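In: A predicted structure for the sequence below; I have some questions about it.
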Amino acid sequence: MGFREKYARLGERYDALEKPLDRFFCPLRKRAAEFVKGKVLEVGVGVGKMLPYYPPDIELHAVDAVPEMVRIAGKKAEELGLNANFYVMDAEKLEFPSGSFDTVLSAFVFCTVPNPERAMAEIHRVLKPGGRAIFLEHTKSDCRLLNWLFLKPLDILLGVLLDDNTLRETHVLARKYFEIEHEESHYRGIVRLIVARKPGEESKAFKDRGA
């Protein structure tokens, strides 16, 4: 059973299961939403945990690979009075033209996507030159002891339950594709907020000249 089937079986129970973590993660979701603007794509919207924090002046599009999650997020958006468009779509294969969005955001997604490299490349593709990518993600800690004593056992448990991988280095992967503007490490690096920029045409030309 893959992650789609596992998350589909959880459905609305996922919100309740994650409730104990809201006091730690929701302030970070609110912080991440402060960086979005313009036409925004949320990759891996899940049950819509980010939705209450988006500013009202954006054009929001949101995707998730699990139809049940998209349905729950759409219902939550209606309750919030939020104007948003939802799609069933894989992060590794975004069905949007290149350069479609001013901002792309993912929140606690890269620990689950089967092919993080491909998903990162897709985010880069659908962003406009000069557009902003925001990642709020579980990552491998800076503390080796914490990785072995906490994250490794948790990784095994969540791998069985949800196909999650808590030891990925999404912050390192993001640097391969984007210029990092801002990075915050929380809880000894177990969670990181990364604000990055896709180089614009002027930046690309500057680099091509070897400057």
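Out: Perfect, thanks for sending it.
In: Which stretches in this structure count as strands?
Out: If DSSP state E is used as the criterion, the strands of the chain fall at 39-43, 59-64, 84-88, 101-107, 127-138, 179-186, 191-197.
In: okay, these in JSON lines with mean neighbour count and mean pLDDT next?
Out: In this view, the C-beta of every residue, glycine as well, is placed from N, C-alpha and C. Listed next are those as JSON lines, based on neighbours: other C-beta atoms under 10 Å; pLDDT from 0 to 100:
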{"stretch": "strand 39-43", "mean neighbour count": "24", "mean pLDDT": "98"}
{"stretch": "strand 59-64", "mean neighbour count": "22", "mean pLDDT": "97"}
{"stretch": "strand 84-88", "mean neighbour count": "16", "mean pLDDT": "97"}
{"stretch": "strand 101-107", "mean neighbour count": "24", "mean pLDDT": "98"}
{"stretch": "strand 127-138", "mean neighbour count": "23", "mean pLDDT": "96"}
{"stretch": "strand 179-186", "mean neighbour count": "14", "mean pLDDT": "95"}
{"stretch": "strand 191-197", "mean neighbour count": "21", "mean pLDDT": "95"}
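In: Turn those strands into JSON lines, including distance to residue 22.
Out: Converted to JSON lines, the strands of the chain look like this (distance: least, C-beta to C-beta, whole Å):
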{"stretch": "strand 39-43", "distance to residue 22": "18"}
{"stretch": "strand 59-64", "distance to residue 22": "19"}
{"stretch": "strand 84-88", "distance to residue 22": "21"}
{"stretch": "strand 101-107", "distance to residue 22": "13"}
{"stretch": "strand 127-138", "distance to residue 22": "14"}
{"stretch": "strand 179-186", "distance to residue 22": "14"}
{"stretch": "strand 191-197", "distance to residue 22": "13"}
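In: Pick out the residue closest to the middle of the chain.
Out: The centroid of the chain falls nearest to residue 106 when counting by C-alpha atoms, centre = their mean (1.5 Å).
In: how close does the nearest residue to it once chain neighbours are set aside get to residue 187?
Out: Spatial nearest neighbour of residue 106, excluding adjacent residues (C-beta to C-beta, 6 or more residues apart in numbering): residue 43 at 4.5 Å. Look at residue 43 and residue 187: by C-beta to C-beta, to the nearest Å, they are 23 Å apart.
In: Next: residue 80.
Out: Residue 80 is 28 Å from residue 187, by C-beta to C-beta.
In: Over to residue 66?
Out: 27 Å.
In: try residue 177
Out: 25 Å.
In: cool, residue 110 as well?
Out: Distance from residue 110 to residue 187, by C-beta to C-beta: 17 Å.
In: Pull the distance from the longest helix seen in the chain to the chain's centre.
Out: Longest helix of the chain, by residue count under DSSP state H: helix 67-80. Its chain's average C-alpha position is 17 Å from that of helix 67-80, according to C-alpha atoms, centre = their mean, to the nearest Å.
In: Equivalent analysis for stretch 91-111, please.
Out: Using C-alpha atoms, centre = their mean, the offset of stretch 91-111 from its chain centre is 8 Å.
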